[in-house]
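>>> could you work out the structure for the sequence below:
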Amino acid sequence: MPKIACLGLGNMGLPMAINLLKAGHLVVGYDVAPAARDAARAAGITLAPDAATAVAGADVVLTMLPNGNLVLDLYISGILTAAPPGCLFIDSSTIDVASARAAHDLAQKAGQTSLDAPVSGGVGGASAGTLTFMVGGDQAAFARAEPILAAMGKKIVHCGHNGAGQAAKICNNMILGISMIAVSEAFVLAEKLGLSAQSLFDVASTSSGQCWSLTTYCPVPGPVPASPANNGYQPGFAAALMLKDLALSQDAAEANHAHTPLGHHAAEIYRQFVEAGGGNQDFSAIIKVLRM
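Numbers count the residues shown, from 1 in each chain. Modelled structure (predicted):
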């Protein structure tokens, strides 16, 4: 089994590392945050004192970090040369396409193989090993990574060349952000019209209004027992992360002259919610803004 260095052991990175460990891989981890290191140690992950030590002798390096600047800083810091030649670098962070492509360039110049492989499925999917991976990079690298990613996810899609995984992720989450607002608006209107949430759900979930935001993540308590709405809107997928992804989509739209008015408006609605203190709630809690 290959040795895998996992850099970034937060809410997503740690359960992903645990699933690699369960699959029989030799896993060595590192995180800059003491609390994350403590949680990883308690979960049985072997910890390295720093990132360079973690990647020494690794066959694969998996990164899960908050933004593109941190990914590039880590690559520039020396981990590309600290790892053995031919190491496979898989970045599962959600970052902008330009940073993803820059990371690929850095890896290539260092003689390493790389993929951008952001995920969908949230903390629940990371824990259950049911994530969807959207992967960008060459076909040979994808073939090498696929059995490793299969230990953490149930759907693995090769989206194209460098940066294509990140492109797919931001497009998908723009759809998600917009659709959650649309579903929430419908439930707010139903309340005003005296229609019960269950009645609307029973109709829309089997009619043309059906979508994931309704049937899996219904933003009102009751119809979908497993949705965050039935757990005080505990994430799940935090509203602050949805705002981050919507902002990435709008940066990409502006840079590439794409007209995305609904994506732009969705980003503004989530920004309002996050700035009002809702960032740590699940993104389905956006219905609270619409009730104001």
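
>>> could you count how many residues lie near Asn11?
The number of residues packed near Asn11 is 16, by other C-beta atoms under 10 Å. Glycine gets a C-beta too; all of them are placed from N, C-alpha and C.

>>> err, Tyr233, not the other one
Using other C-beta under 10 Å, the number of residues around Tyr233 comes to 23.

>>> likewise Pro85?
Neighbour count of Pro85, defined by other C-beta under 10 Å: 9.

>>> for it, phi and psi?
Per-residue torsions, Pro85: phi -60, psi 140 (degrees, to the nearest 10).

>>> quick check: pLDDT value at the residue sitting furthest away from the middle of the chain.
Outermost residue of the chain with respect to the C-alpha centroid, by C-alpha atoms, centre = their mean, is Gly194; its distance is 37.0 Å. Predicted confidence (pLDDT) for Gly194: 97.

>>> end-to-end on stretch 91-102?
12 Å (C-alpha to C-alpha, to the nearest Å).

>>> list of residues touching it?
Under the criterion C-beta atoms under 8 Å, 6 or more residues apart in numbering, residues 8, 12-13, 16, 62-72, 103, 114-119, 133, 136, 162-163, 165-167, 169-170, 173, 241, 244-245, 248, 251-252, 255 lie in contact with stretch 91-102.

>>> if I look at the residue nearest the centre of the chain, how far off is Leu131?
Against the mean C-alpha coordinate of the chain, by C-alpha atoms, centre = their mean, the closest residue is Val119 at 4.4 Å. Val119 sits 4 Å away from Leu131, going by C-beta to C-beta, to the nearest Å.

>>> show me whatever sits in contact with both of the two.
Counting by C-beta under 8 Å, 6+ apart, the shared contacts of Val119 and Leu131 are 125, 152-153.

>>> which of those residues sits closest to Pro228?
Within the set of the shared contacts of Val119 and Leu131, Gly125 lies nearest Pro228; the separation is 13.5 Å, counting by C-beta to C-beta.

>>> buried residues in the helix or strand where the closest one lies?
Secondary structure assigned from DSSP states H and E places Gly125 in helix 122-128. Of the residues in helix 122-128, those buried under the neighbour-count criterion (16 or more other C-beta atoms under 10 Å) are 122-123, 125-127.

>>> domain parsing for the chain?
3-160, 167-290 (automatic domain parsing).

>>> Ala5 and Met64 touch, don't they?
No - here Ala5 does not reach Met64: they are 11.7 Å apart, not a contact under C-beta atoms under 8 Å.

>>> hey, where'd the helices end up in the stretch 101-250 of the chain?
For the stretch 101-250 of the chain, applying DSSP state H, counting those that start in this stretch gives helices covering 122-128, 139-149, 164-193, 197-204, 212-215, 239-255.

>>> tell me the mean pLDDT over the last one?
In this model, helix 239-255 carries a mean pLDDT of 95.

>>> before we move on, what about the shortest one?
The pLDDT scores in helix 212-215 average 97.

>>> now that helix: how far from the chain's centre is it?
If you compare the mean C-alpha spot of helix 212-215 with that of the full chain, they lie 18 Å apart, counting by C-alpha atoms, centre = their mean, to the nearest Å.

>>> equivalent analysis for the fourth one, please.
Put simply, helix 197-204 sits 29 Å off its chain's centre (C-alpha atoms, centre = their mean).

>>> neighbours around Thr53, how many?
The local packing of Thr53 (other C-beta under 10 Å) involves 15 other residues.

>>> what's next to the helix or strand that it is a member of, contact-wise?
Element membership for Thr53 (DSSP H and E) is helix 51-55. Contact partners of helix 51-55, identified using C-beta under 8 Å, 6+ apart, comprise 5-7, 28-30, 48, 61, 74, 77-79, 82-83, 87.

>>> buried ones only from these, please, as a PyMOL command.
Buried members of those, identified by 16+ other C-beta under 10 Å, are gathered into one PyMOL selection as follows:
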select buried, resi 5+6+7+28+29+30+48+61+74+79+82+83+87
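
>>> dump the residue contacts of the residue lying closest to Arg271 once chain neighbours are set aside.
Closest residue to Arg271 apart from its sequence neighbours, by C-beta to C-beta, 6 or more residues apart in numbering: Leu243 at 5.8 Å. Remark: with contacts taken as C-beta under 8 Å, 6+ apart, Leu243 is in contact with 267, 270-271, 273-274, 279.
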